[in-house]
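*Asks:* could you look at this predicted model? Sequence included:
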Amino acid sequence: MASHPIQSIPIYRFGVFQVDLRSRELRKNGIPLRLQGKPFQVLIELLHCPGEMVTREELQRQLWTDGTFVDFDEGLNSAVKRLRAALGDSSQSPIYIETVSGFGYRFIAPVSELVDDNEPEVKPKLVPEPKPLSVAQLSIVPPRQFSWKRSAPWIGLAIVIAGAAIFAVFQWSHAASTGSVPIEAIAVLPLENLSGDASQEYFADGITDEIITDLAKLGGPKVISRTSAMQYKSTRKTVPEIARDLNVGAIVEGSFQRSGDQVRVRVQLIKGATDQHLWADEYDRNLSDVLALEADVAQDIAQHIRLQLSEKQRQDLARTHAINPQAFQDYLQGRHYWALRTEESLYKAIEYFNRAIQEDPNDARSYAGLAHCYIVLPMMTLTSQADAVEKAKNAARKAIVLDDSLAEAHLAIAEVLLYNDWDFVGAETEFRKTLELNPNYSTGHQWYGEFLSLMGRHEEALREEQAALALDPLSAVIHHQAGTTLRDAGHYEEAIQQYREAVKIEPNFLMAYEAMSWAFRRQGKISESIQAVRVASPAFAFGKRDVQEVVREVDSLQSAYNHGGMPAYLRQCLQAHNHGMRAHYYLARDYSELGDRNAAIAELTSSYQNHDIEVLWMLTDPELNPLRSDSRFQRLIRAIGFPH
């Protein structure tokens, strides 16, 4: 096949589409569609010979040059799939591109040629495209099989009934033709790693996470958080099934490739209910410019779901900088291990965040990630609370100095003010600032809800936890926090349901069983409470105690209750809690229910002096109700500084 001059035939038209060879644009009803690289080149080759078969060998000769290490068959198949997706075509019932099995392709629709002077057109400008990678730099392999088969052709017959109906049909037709539709909720699924290197999975997940974060900060539609989106990694579920699970109107999916310092991300926007392809694009960047790539993806998605960005939001997205590639990779590794939320993974996350900081001391996000780890660490391990909170404070303050617009940094400051400084007014200011910067930040809603619950503002707390669940419905951690908020508001059955959801998502999430045991205890369901503690036993096997020792201790609770009722059970709880972390507060609960005020106040005083996390439960804890009229208890409440 010879090369084709394009000066004499600048524009092709077929159906509602036009291809302008001078501007290299594919337009639908005059609106430019994003199609570049090999799919666009394949289209041009087919349009040069309408009605004739173009063989795979001819396409290889024209478009896949010698020395390319790409798999040609996979590359061509991928290009044709993406081309069909852009045209709304189908391989099974083609309107435009017919497959000649085993040989090549044929363009079967009528094609006319236009000259620009004869038919002038208005050409809306597109956002400038990133410079594509050369095929020598990056192999092109197809996204997962279902990814590019979303769009099926549809042919409708509109019957005009009244003027209002005409307007409505016009509005919908315009939205469908541009690929721009209003969406109230959206989920970004994990990008598929097509690098051929399993060690790059964390990188693909990290890019997904960053795109979610950039999109979430824009406000507008609800953006499903990372934890829930990651549940669909390598899923076999269809887009409509996922959309129903997450209660979203649209899904973003795609792929990630890396070759050396070159990164390619392909994404497509799909209507959740119908599996209809709305838009697709690909982005090529050097690794050092990956922040710009993420911002471009978020902005383009926002455009196609009709999100009106403010000038400040556009400026924020444009305000990216070159990064240290190794620091960015270590940051992504830190995010990966932080999300696992286990004792071992938290220490790994801290290791990677510290590495990232050493490589790039000006990376605010790594400092914020480090602060979050140290905030959670004493809640899950034997780590000194004082040491951990001090490290969290230092990291959070450094993050704020480097980037005051970072929601994660403000959230870390809020937690430090809450648990270390007991500055409740300052903490609430920072929680609110966090959600102002990122209204779709599920952890921000979760932790703010926890704060409100501690302050006794239960209705507000429940609203925040509901918002967190809407953004991250498959997060065991958030279901756990929602359960605790419901429990502390006195809604015990609903709380138990949330705890059960948490362990359904993550069966080894033992904290949920421990929290559930207190809901049962407050209902007077002591046997159920003991059973929940028994399941959680491995979580209490620390120091020199093994799991079997803990199980024997738990079984003694049931024996005591069977033989001596509630008083015997509580006395046995004293022995069990005496072995626990930060034992004073839990002992105070037991003494309070036993009616021993002096012992209970003494233990609470010790908890207060140690600055234990749990002492902030005092304001609303029903186990402590027998103490509330005691002046010593009230002095402790005032000393902590709870609002009146």
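*Replies:* Done, it's in. Numbering: from 1, shown residues only.
*Asks:* tell me where the stretch 251-400 of the chain has helices.
*Replies:* Here the stretch 251-400 of the chain has its helices, by DSSP state H, counting those that start in this stretch, at 290-304, 311-318, 325-340, 343-359, 364-380, 385-402.
*Asks:* what mean pLDDT does the third one get?
*Replies:* When you say that, I think you mean helix 325-340. The average pLDDT for helix 325-340 rounds to 88.
*Asks:* now for that helix, which elements pack on it?
*Replies:* Under the contact definition 3 or more Cβ pairs under 8 Å, 6 or more residues apart in numbering; DSSP states H and E, helix 325-340 sits against helix 201-216, helix 226-230, helix 343-359, helix 364-380. No exception for glycine: its C-beta is placed from N, CA and C like everyone else's.
*Asks:* can you dump the C-alpha atoms of the helix or strand that comes right after the second one in CSV for me?
*Replies:* Towards the C-terminus, the helix or strand next in line after helix 226-230, according to DSSP states H and E, is helix 239-246. Below are the C-alpha coordinates for helix 239-246, written out as CSV (Å, rounded to 0.1, in the frame of the first residue of the first chain):
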residue,chain,number,x,y,z
VAL,A,239,-20.2,-2.5,34.5
PRO,A,240,-24.0,-2.4,35.3
GLU,A,241,-23.4,-4.9,38.2
ILE,A,242,-20.6,-2.8,39.6
ALA,A,243,-22.7,0.4,39.2
ARG,A,244,-25.5,-1.2,41.1
ASP,A,245,-23.2,-2.4,43.9
LEU,A,246,-21.7,1.1,44.3
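*Asks:* how distant is helix 239-246 from the center of its chain?
*Replies:* Distance, stretch centre to chain centre, for helix 239-246: 16 Å (Cα atoms, centre = their mean, to the nearest Å).
*Asks:* swap in stretch 586-602?
*Replies:* 43 Å.
*Asks:* before we move on, what about stretch 579-589?
*Replies:* So, by Cα atoms, centre = their mean, the centroid of stretch 579-589 is 36 Å from its chain's centroid.
*Asks:* pass me the low-pLDDT residue ranges in the stretch 1-150 of the chain, would you?
*Replies:* 1-9, 29, 65-71, 115-150 (pLDDT under 70).
*Asks:* go again with 50.
*Replies:* By pLDDT under 50, the low-scoring segments of the stretch 1-150 of the chain are 1-7, 67-70, 117-150.
*Asks:* need the helices for it, in chain order.
*Replies:* Going by DSSP H, counting those that start in this stretch, the stretch 1-150 of the chain shows helices at 37-47, 56-63, 72-87.
*Asks:* quick one: closest of those to Ala482.
*Replies:* Closest to Ala482 of those, according to Cβ to Cβ: helix 72-87, at 38.9 Å.
*Asks:* now do that closest one against helix 37-47, angle only.
*Replies:* With axes from the mean of the first three to the mean of the last three Cα atoms, to 10 degrees applied, the angle from helix 72-87 to helix 37-47 works out at 80 degrees.
*Asks:* export only the CA atoms of helix 72-87, formatted as PDB.
*Replies:* The C-alpha trace of helix 72-87 is given here as PDB (Å, rounded to 0.1, in the frame of the first residue of the first chain):
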ATOM      1  CA  PHE A  72       1.500  -6.400  16.200                       C
ATOM      2  CA  ASP A  73      -1.600  -8.600  16.500                       C
ATOM      3  CA  GLU A  74      -2.500  -7.400  19.900                       C
ATOM      4  CA  GLY A  75      -1.700  -3.800  19.000                       C
ATOM      5  CA  LEU A  76      -3.900  -3.900  15.900                       C
ATOM      6  CA  ASN A  77      -6.800  -5.600  17.700                       C
ATOM      7  CA  SER A  78      -6.600  -3.000  20.500                       C
ATOM      8  CA  ALA A  79      -6.600  -0.100  18.000                       C
ATOM      9  CA  VAL A  80      -9.600  -1.500  16.100                       C
ATOM     10  CA  LYS A  81     -11.500  -2.000  19.300                       C
ATOM     11  CA  ARG A  82     -10.900   1.500  20.500                       C
ATOM     12  CA  LEU A  83     -11.800   2.900  17.000                       C
ATOM     13  CA  ARG A  84     -15.100   0.900  17.100                       C
ATOM     14  CA  ALA A  85     -15.700   2.200  20.600                       C
ATOM     15  CA  ALA A  86     -15.300   5.800  19.400                       C
ATOM     16  CA  LEU A  87     -17.700   5.200  16.500                       C
END
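*Asks:* coming back round to it: redo the helices of the stretch 1-150 of the chain as CSV? Include mean neighbour count.
*Replies:* As requested, the helices of the stretch 1-150 of the chain are arranged in CSV below (neighbours: other Cβ atoms under 10 Å):
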stretch, mean neighbour count
helix 37-47, 20
helix 56-63, 16
helix 72-87, 21
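*Asks:* would TSV of the ones you listed with distance to Leu616 be doable?
*Replies:* Formatted as TSV, the helices of the stretch 1-150 of the chain follow (distance: least, Cβ to Cβ, whole Å):
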stretch	distance to Leu616
helix 37-47	56
helix 56-63	65
helix 72-87	53
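*Asks:* just put the helices and strands packed on helix 325-340 in CSV and tack on distance to Arg632 and mean neighbour count.
*Replies:* Formatted as CSV, these follow (distance: least, Cβ to Cβ, whole Å; neighbours: other Cβ atoms under 10 Å):
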stretch, distance to Arg632, mean neighbour count
helix 201-216, 46, 23
helix 226-230, 43, 22
helix 343-359, 36, 19
helix 364-380, 27, 24
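*Asks:* quick one: Asn77 and Leu33, what's the gap?
*Replies:* Going from Asn77 to Leu33 by Cβ to Cβ, to the nearest Å gives 21 Å.
*Asks:* show me the helices in the stretch 501-644 of the chain, by range?
*Replies:* 510-523, 526-535, 547-577, 583-594, 597-609, 631-640.
*Asks:* number of nearby residues for His579?
*Replies:* A total of 14 residues lie near His579 under the criterion other Cβ atoms under 10 Å.
*Asks:* Ala250 now?
*Replies:* Other residues lying near Ala250 total 26 when counted by other Cβ under 10 Å.
*Asks:* use 26 as the first number from now on
*Replies:* Sure, I'll start counting at 26 from here, so that last one is Ala275.
*Asks:* that one and Val248: what is the separation?
*Replies:* 11 Å.
*Asks:* go on, Glu489?
*Replies:* Glu489 sits 17 Å away from Val248, going by Cβ to Cβ.
*Asks:* now do the shared contacts for Ala275 and Val248.
*Replies:* Between them, Ala275 and Val248 share these contacting residues under Cβ atoms under 8 Å, 6 or more residues apart in numbering: Ala210, Ile211, Ala212.
*Asks:* correct me if wrong: the first one contacts Arg269.
*Replies:* Yep, that's Ala210 we're talking about. No. Between Ala210 and Arg269 there is no contact under Cβ atoms under 8 Å: 11.8 Å.
*Asks:* out of the two, which sits in the more crowded spot?
*Replies:* Applying other Cβ under 10 Å to Ala210 and Arg269 shows that Ala210 carries more neighbours, namely 19 against 13.
*Asks:* and that one, how far from Pro265?
*Replies:* From Ala210 over to Pro265 the distance is 14 Å, taken as Cβ to Cβ.
*Asks:* can you check Cys398 too?
*Replies:* From Cys398 across to Pro265, the span is 38 Å (Cβ to Cβ).
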